[in-house]
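J.: Would you be able to build a 3D model of this:
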Amino acid sequence: MLNSRLLHLEALMASNEIDAIVVNPGPTLVYLTGLHFHLMERPTLLLFKRGEQPSLILPELESGKLAELEFPVTAYTYGDDPSTWQAEFDSALASWQKDSPVIGVEAIHLRFLEMEYLQKSLPGAGFASAAGVFNALRAQKDDREIACMRKAVEIAQNALSAVVPMIKPGVNEQQIASELVIRLFRAESDTELPFAPIVAGGPNSANPHAVPTTRPLQRGDLLVIDWGAAYEGYFSDLTRTFAIGALDDKLKKIYETVKSANEAGRLAGAPGKMAGLVDLAARQVIEDAGYGQFFTHRTGHGLGMEAHEQPYIFSGNELFLEKGMTYTVEPGIYLPGKGGVRIEDNIVVTADGCESLSDFSRDLRIL
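T.: Presented below is the predicted three-dimensional model:
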């Protein structure tokens, strides 16, 4: 499997006219090698040049992980004295110096730490964003990846189901969030969650990225819970909104509007359709109801080994969806000072349409 991924990478590099790529610890390195490294003060870097065997620069203390590799690499290891590290970079990159290659980087991941070593070893090389390579590399999931994401959704849904009975007036956001994290781990989520849960009640629910506070829930509140789980490195990302006691008519209306927008977005995806049309389908429902100005973010984003990745579901995105792409559909309405609603599901593009991996009830539930 990993060899096929390297072949795919090489083909993408050729089509994007990138001679070589460098990848530091993160999802892409895991995807290509199966090895897990932390970002820390010691640099670790995967080097891959078209037509050549991959190389890894890594600390000696991490070298035992190389036994887990499924394909050969040339390893360059270094000790704890930083004054010796540049020499290992020079050795690893010696064969690249004569070619002055165009080196592709992951612009949102590569740090200045690694870049400085690279530039000193390759003063004549050019560096460029390899977004075209990396955006396509992991965008289409295979059956195993989708199975992992399906399991991550199941874990997340089971965890929230276990937390719902404790939600009532007087309980605060932080208490709910902490219990949800415990339940995620008990339901066998990986310990590295996609993000810290968002639990936002009352006026706080009008902030799409609210941080849980000690505010107690009150009757008449909307409660937004945005949470996710991880399974074998793949993420889920879901949102459900609850009512704490009876809601006023305006809050009921925005709930039903978002529910309809979520349904329209879930049904809009298919191979060959533009990602922007999914956004349009959900957004149109909200605009037609008169709340367009209160839907302040895109309809969704890609999901996989990262909580946010390709494809991004925003208005005007002309990227064509393809079988195996996975993304969220999460329309929302946010009324400042009063409350907000978001309903989010995880979608996979199938051979002839799309499927929601999540099925937690979307009906308004009064707690």
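J.: Would you mind giving the domain segments of this structure?
T.: Following automatic domain parsing, the chain resolves into domains at 2-137, 143-356.
J.: just the helices in the stretch 151-300 of the chain please.
T.: For the stretch 151-300 of the chain, helices defined by DSSP state H, counting those that start in this stretch occupy the ranges 173-186, 249-268, 275-288.
J.: Ala75: what secondary structure?
T.: Secondary structure state of Ala75, per DSSP: H, G, I helix; E, B strand; the rest coil, is strand.
J.: What is the neighbour count of it?
T.: The number of residues packed near Ala75 is 17, by other Cβ atoms under 10 Å. In short, each C-beta sits where N, CA and C put it, glycine included.
J.: Can you tell me which of the helices of the stretch 151-300 of the chain is nearest to Ile21?
T.: Closest approach to Ile21 among those (Cβ to Cβ): helix 275-288, 25.0 Å.
J.: Please report the distance of Gly300 from Asp359.
T.: 17 Å (Cβ to Cβ, to the nearest Å).
J.: quick one, which of these two is more surrounded?
T.: When neighbours are counted by other Cβ under 10 Å, Gly300 and Asp359 differ, and Gly300 comes out ahead with 28 against 10.
J.: my guess is that one meets Val329, correct?
T.: Yes - with contact defined as Cβ atoms under 8 Å, Gly300 reaches Val329; the gap is 4.9 Å.
J.: Pairing partners for Gly20 in the sheet, please.
T.: Rather than Gly, residue 20 is Ala. In this entry, Ala20 is beta-bridged to Lys49, Ile103, by DSSP bridges.
J.: OK, contacts around it?
T.: Residues in contact with Ala20 (Cβ atoms under 8 Å, 6 or more residues apart in numbering) are Met13, Leu47, Phe48, Lys49, Arg50, Trp96, Pro101, Val102, Ile103, Gly104.
J.: let's go with 6 Å and repeat that
T.: Shown in contact with Ala20 (Cβ atoms under 6 Å, 6 or more residues apart in numbering): Lys49, Pro101, Ile103.
J.: now do Val349
T.: By Cβ under 6 Å, 6+ apart, the residues touching Val349 are Gly269, Pro271, Leu321, Lys323, Met325.
J.: ok, those residues vs Arg138, which is closest?
T.: Closest approach to Arg138 among the contacts of Val349 (Cβ to Cβ): Met325, at 10.2 Å.
J.: re the thing from before, weakest of the domains of the chain by average pLDDT?
T.: Ranked by mean pLDDT, the domains of the chain end with domain 2-137 at the bottom, a mean of 93.
J.: Centre of the chain to that domain, how far?
T.: How far domain 2-137 lies from its chain's middle: 22 Å, per Cα atoms, centre = their mean, to the nearest Å.
J.: mind listing what the residue nearest the centre of the chain touches?
T.: Among the residues of the chain, the one closest to the centroid is Ala307, at 1.7 Å (Cα atoms, centre = their mean). Contacts for Ala307 (Cβ under 6 Å, 6+ apart) come out as Pro194, Phe195, Phe235, Asp237.
J.: let's go with 8 Å and repeat that
T.: Shown in contact with Ala307 (Cβ under 8 Å, 6+ apart): Pro194, Phe195, Gly228, Phe235, Asp237, His301.
J.: tell me the SS of it?
T.: Secondary structure assignment for Ala307 (three-state DSSP): coil.
J.: Report the spatially closest residue to it, excluding sequence-adjacent ones.
T.: Pro194 (4.0 Å; Cβ to Cβ, 6 or more residues apart in numbering).
J.: how near is that neighbour to Ser236?
T.: Separation of Pro194 from Ser236 (Cβ to Cβ): 7 Å.
J.: shared neighbours of these two, anything?
T.: By Cβ under 8 Å, 6+ apart, Pro194 and Ser236 have these common neighbours: Gly228, Ala229, Ala230.
J.: Pick the one among the residues you listed closest to Thr77.
T.: Comparing the shared contacts of Pro194 and Ser236 against Thr77 with Cβ to Cβ places Ala230 closest, at 29.6 Å.
J.: For the spatially closest residue to Phe242 that is not a sequence neighbour, give its distance to Gln175.
T.: Closest residue to Phe242 apart from its sequence neighbours, by Cβ to Cβ, 6+ apart: Leu223 at 4.5 Å. Using Cβ to Cβ, Leu223 is found at 12 Å from Gln175.
J.: In terms of neighbours, single out the busier of the two.
T.: Leu223 (24 against 18).
J.: Specify the beta-bridge partners of the more buried one.
T.: Bridge pairing for Leu223 (DSSP bridges) gives the partners Gly201, Phe242.
J.: now do Cys354
T.: Bridge pairing for Cys354 - DSSP bridges - gives Val349.
J.: thinking it is in contact with Gly272, fair?
T.: No - using Cβ under 8 Å, Cys354 is not in contact with Gly272, being 11.7 Å away.
J.: Give me the neighbour count for the residue found closest to Leu110 once you drop the neighbours it is linked to in the chain.
T.: Nearest residue to Leu110 in three dimensions, chain neighbours excluded: Asn24, at 5.7 Å (Cβ to Cβ, 6+ apart). Asn24 has 21 neighbours, counted by other Cβ under 10 Å.
J.: Asn24: what's it in contact with?
T.: By Cβ under 8 Å, 6+ apart, the contact set of Asn24 is Leu39, Pro43, Thr44, Leu45, Leu46, Glu106, His109, Leu110, Arg111, Glu114.
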